[in-house]
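In: Sequence and computational prediction follow.
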Amino acid sequence: MLLIKDTLVSEDLIERFFVCDLDTCLGQCCIDGDAGAPLLEEENDKIAKNIDIILPMLTPAAQRAIKDEGISYIDEEGDLVTNIIEGRDCVFTCFAEGGKCLCALEKGYREGVLPHLKPSSCHLYPVRLKKVGDMTAVNLHRWKICKCAEILGRKTGTRAYVFLKEPLIRKFGQEWYDELCLTASEWLNACHDR
């Protein structure tokens, strides 16, 4: 682990290659799993304030789930997470041509009809954060459905921390990211010298 301000960053974030390959995986991370995406309380509140704009973008099943059960729930581990449909699909999943899953929150943002509402846990993925005392551990999660992202990242020569620039800056700030880039450069140079 590498120390960047008040975070402990896994070397995997710097060393591993990663570029989401939505054309291959079809957004499987939005519909696989046994719980919704982790949400911060303030993210939940912002989504709730914009729900009238979001609902028409969603499937009828997602609209019903939100109206009946809300946009989020507390999972078995006691975390606030997005609601899911039939034990798997995030309620904010929408579908494009060919069955490709998209995030309605991100789609609305990119179309200019919503503020940036995508939960930071989704925006940062495959990064997972964990509190360690007063520090935050920044780890790279590996999941078999993201193998195609590792392959594409290697093909394009894009490291995970570079691909995740926007969400890392959103979460930790530009100064933190600049320090990460400097540390990454030194770390990768040192690894090549071995």
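Out: Arrived safely. Residues are numbered from 1 along each chain as shown.
In: Next, the contact list for the spatially most central residue of the chain, please.
Out: Closest to where the C-alpha atoms of the chain average out (CA atoms, centre = their mean) is Cys122, at 2.2 Å. Going by CB atoms under 8 Å, 6 or more residues apart in numbering, Cys122 touches Ala37, Cys103. Yep, even glycine has a C-beta here, placed from its N, CA and C like the rest.
In: next one: the one 4 residues further on
Out: Contacts were defined as CB under 8 Å, 6+ apart; by that measure Pro126 touches Phe18, Leu140, His141, Arg142, Trp143, Cys146, Ala149, Ala160.
In: Ignoring the adjacent residues along the chain, who's closest to the second one?
Out: Think Leu140. Sequence neighbours aside, Asp12 is the residue nearest to Leu140 in space, at 4.0 Å (criterion: CB to CB, 6 or more residues apart in numbering).
In: Save the contacts of Pro126 as JSON lines, and put in pLDDT and neighbour count too.
Out: Formatted as JSON lines, the contacts of Pro126 follow (pLDDT from 0 to 100; neighbours: other CB atoms under 10 Å):
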{"residue": "Phe18", "pLDDT": "94", "neighbour count": "26"}
{"residue": "Leu140", "pLDDT": "91", "neighbour count": "21"}
{"residue": "His141", "pLDDT": "87", "neighbour count": "12"}
{"residue": "Arg142", "pLDDT": "83", "neighbour count": "12"}
{"residue": "Trp143", "pLDDT": "80", "neighbour count": "14"}
{"residue": "Cys146", "pLDDT": "85", "neighbour count": "21"}
{"residue": "Ala149", "pLDDT": "89", "neighbour count": "25"}
{"residue": "Ala160", "pLDDT": "95", "neighbour count": "23"}
